[in-house]
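Engineer: from the sequence below, what's the structure:
(one chain, ligands or ions: 2)
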Amino acid sequence: MGMTIAEKIIAAAAGVDSVKPGDIHTVKLDRLMSNDGTTHLTVDMYNNKLKNPHIADAKKLVFIVDHNVPSDSPKTAASQKKMRDFARENHIDFWEGKGVCHQVMIENYVRPGELIFGADSHTCSYGALGAFGTGVGCTDFLYGMVTGTSWVLVPESVKFNLVGKLPEGVYARDLILTIIGEIGANGCNYQAMEFTGEGAKTLSISDRMALCNMAVEAGAKTGIFEADEKAMEYLKEHGREPKAVFHSDPDAVYAREYTFDLSKVRPVVAKPDFVDNVVPAEETCGIPINEAFLGSCNNGRIEDLRVGAEIIKGKKVAEGVRFLVVPASQTIYRQALKEGLLDIFMDAGAIVMNPNCSVCWGSCQGVIGENEVLISTGTRNFKGRAGHPSSKVYLGSAATVTASAIAGKIALASEVK
Ligand SMILES: CC(C)[C@H](C(=O)O)[C@@H](O)C(=O)O
Ligand code: SF4
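Structural biologist: Ligands and ions are numbered 1, 2, ... in the order given. As a prediction, the model looks like this:
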């Protein structure tokens with residue numbers, strides 16, 4: 001029986017010829033990533049619960065401080081110190097303030113064909129480069145750290161056949177929100193969302209990241225693209241070689257197949273308090289906002305900043321509105337600086353922040369108050385995600401977020417021209 005890319009990666013990690021959905025395999029992990037959301041808990045378990053604490057292979061571990069950076073309280077400072085000290089003592093790659101973990105991973109580590117566990121739900125982003133990334137809790141992370149292995153229940157794959165090309169002014173962000181709106185927040189529970197077809201080839205690595213990153217918002221175990229020429233080019237630019245390049249077999253079995261015509265996608269917005277509460281952006285136009293956020297591992301890349309800068313150039317952020325612009329990594333920050341994008345944002349009255357999760361995580365920067373409204377390029381709009389339980393989060397593309405910052409209410413880019 002043929003296998004999908006996801007199945008082939010698991011088979012290789014398990015050292016077997018073939019796997020099928022429902023099998024449970026012990027797998028060798030290529031890499032493990034953990035951030036300041038939970039690493040202190042892992043370190044506590046490591047120090048207090050294990051009889052013989054040791055690390056299988058420190059070279060496979062990456063610790064990244066990105067959620068609350070710079071730290072915002074004595075409590076986070078203490079957790080981060082624990083993480084920092086542990087990384088130093090155990091020779092673990094450590095990043096702090098360099099960017100959102102998934103962006104740092106894609107820029108510096110991820111290789112096609114790898115199996116990567118991250119103590120963060122959006123680890124599924126790594127499928128943009130043809131790797132199988134998935135989120136685990138810190139107990140599973142600890143097991144992987146100590147043994148270098150873990151177990152995987154092979155997921156079914158679901159095929160998303162993409163045809164056509166996204167129209168001008170419509171983005172991968174609109175596409176993934178459209179997909180999630182259609183299939184629902186449980187639409188691909190514990191399945192691998194494989195994005196394929198001619199339309200997939202038209203998408204940049206940044207677009208592919210935006211798609212795979214939000215696979216977990218449809219309940220998926222991972223999101224994945226085949227590593228094609230674009231992925232190889234990205235790897236080359238970043239000085240890396242693939243581990244293995246897998247293609248799905250023509251007779252691979254899928255639980256379901258969907259076709260999405262990219263040319264028919266339009267700007268959409270996910271209304272509070274669920275990511276699948278997706279409507280045409282027009283339906284939300286006019287809703288007053290207090291804050292707009294352009295950033296996160298979903299939409300804080302240079303491509304997104306370019307979209308925002310082009311819209312806001314020569315214009316001003318609406319009075320009384322905070323517009324937070326947060327490049328997803330320092331590399332992106334420097335590039336935006338070089339291209340003059342940060343000047344454009346600052347001239348317009350935006351607040352440009354250091355690379356971090358910012359208000360996507362909602363505990364460090366830009367936290368919103370009672371009954372306030374945020375329009376965001378972050379990943380989630382759950383109740384209280386960005387601050388006060390009565391506050392509301394709308395999710396839209398970089399274009400919609402920037403246009404809304406200018407208008408002071410949810411708006412389409414075409415309205416602020
Ligand atoms: C802090 C972390 C564990 C969490 C996640 O798992 O995704 C966060 O990144 C999020 O986006 O909600
Ligand atoms: S940017 Fe948002 S989704 Fe991404 S890791 Fe940070 S909090 Fe999670």
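Engineer: now the strands for the stretch 151-300 of the chain?
Structural biologist: Assigned by DSSP state E, counting those that start in this stretch, the stretch 151-300 of the chain shows strands spanning 156-163, 191-196, 222-225, 256-261, 268-270, 278-280, 291-295.
Engineer: partners of the third one, with directions?
Structural biologist: Strand 222-225 pairs in its sheet with strand 191-196 (parallel), by DSSP bridges.
Engineer: for the host helix or strand of Leu32, packing partners?
Structural biologist: Using DSSP states H and E, Leu32 sits in strand 31-35. Strand 31-35 is packed against strand 61-65, helix 101-108, strand 115-118, helix 138-147, with contacts defined by 3 or more Cβ pairs under 8 Å, 6 or more residues apart in numbering; DSSP states H and E. Where C-beta positions appear, they are placed from N, C-alpha and C, glycine not excepted.
Engineer: wait, what's in contact with Arg322?
Structural biologist: Applying Cβ atoms under 8 Å, 6 or more residues apart in numbering to Arg322 gives the contacts 290-292, 351, 366.
Engineer: ok, which pair from these is furthest apart?
Structural biologist: Asn290 and Ile351 (13.2 Å; Cβ to Cβ).
Engineer: re earlier: minimum distance to Tyr394: which of the strands of the stretch 151-300 of the chain has it?
Structural biologist: Per Cβ to Cβ, nearest to Tyr394 of the strands of the stretch 151-300 of the chain: strand 268-270, 5.4 Å.
Engineer: so which residue of the protein comes closest to ligand 1?
Structural biologist: Using Cβ to the nearest ligand atom, the closest approach of the chain to ligand 1 is made by Gly37 at 2.5 Å.
Engineer: find the nearest non-adjacent residue to that residue, please.
Structural biologist: Once flanking residues are discounted, Gly37 sits nearest to His67: 5.0 Å by Cβ to Cβ, 6 or more residues apart in numbering.
Engineer: tell me which helix or strand the one you found sits in.
Structural biologist: Going by DSSP H and E, His67 is not in any helix or strand.
Engineer: need the buried ones from the contacts of Arg322 selected in ChimeraX.
Structural biologist: A single ChimeraX command selects the buried members of the contacts of Arg322 (16 or more other Cβ atoms under 10 Å):
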select :290,291,292,366
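Engineer: ok, which residues in the stretch 301-417 of the chain are in contact with ligand 2?
Structural biologist: 357, 360-361, 378-379 (Cβ under 6 Å from any ligand atom).
Engineer: could those be laid out in a markdown table, adding neighbour count?
Structural biologist: Shown next, in a markdown table, are those (neighbours: other Cβ atoms under 10 Å):
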| residue | neighbour count |
| --- | --- |
| Cys357 | 29 |
| Cys360 | 32 |
| Trp361 | 24 |
| Gly378 | 27 |
| Thr379 | 25 |
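Engineer: ok, so of these, who is nearest Phe94?
Structural biologist: The closest of these to Phe94 turns out to be Cys357 (Cβ to Cβ; 17.2 Å).
Engineer: does the closest one touch Gly366 like I think?
Structural biologist: No - checked against Cβ atoms under 8 Å, the pair Cys357 and Gly366 is beyond contact range at 10.3 Å.
Engineer: anything in contact with each of those two?
Structural biologist: Common neighbours of Cys357 and Gly366 (Cβ under 8 Å, 6+ apart) do not exist.
Engineer: can I take it that Phe86 is in a helix?
Structural biologist: Yes - per DSSP: H, G, I helix; E, B strand; the rest coil, Phe86 lies within a helix segment.
Engineer: gap between the nearest residue to it once chain neighbours are set aside and ligand 2?
Structural biologist: Spatial nearest neighbour of Phe86, chain neighbours left out: Val43 (4.8 Å); criterion: Cβ to Cβ, 6+ apart. Using Cβ to the nearest ligand atom, to the nearest Å, Val43 is found at 19 Å from ligand 2.
Engineer: about what we covered before: surely the residue of the chain closest to ligand 1 touches Ser121?
Structural biologist: No - using Cβ under 8 Å, Gly37 is not in contact with Ser121, being 9.7 Å away.
Engineer: which one of those two is surrounded by more residues?
Structural biologist: Shown here are Gly37 and Ser121; by other Cβ atoms under 10 Å, Gly37 has more neighbours (21 against 17).
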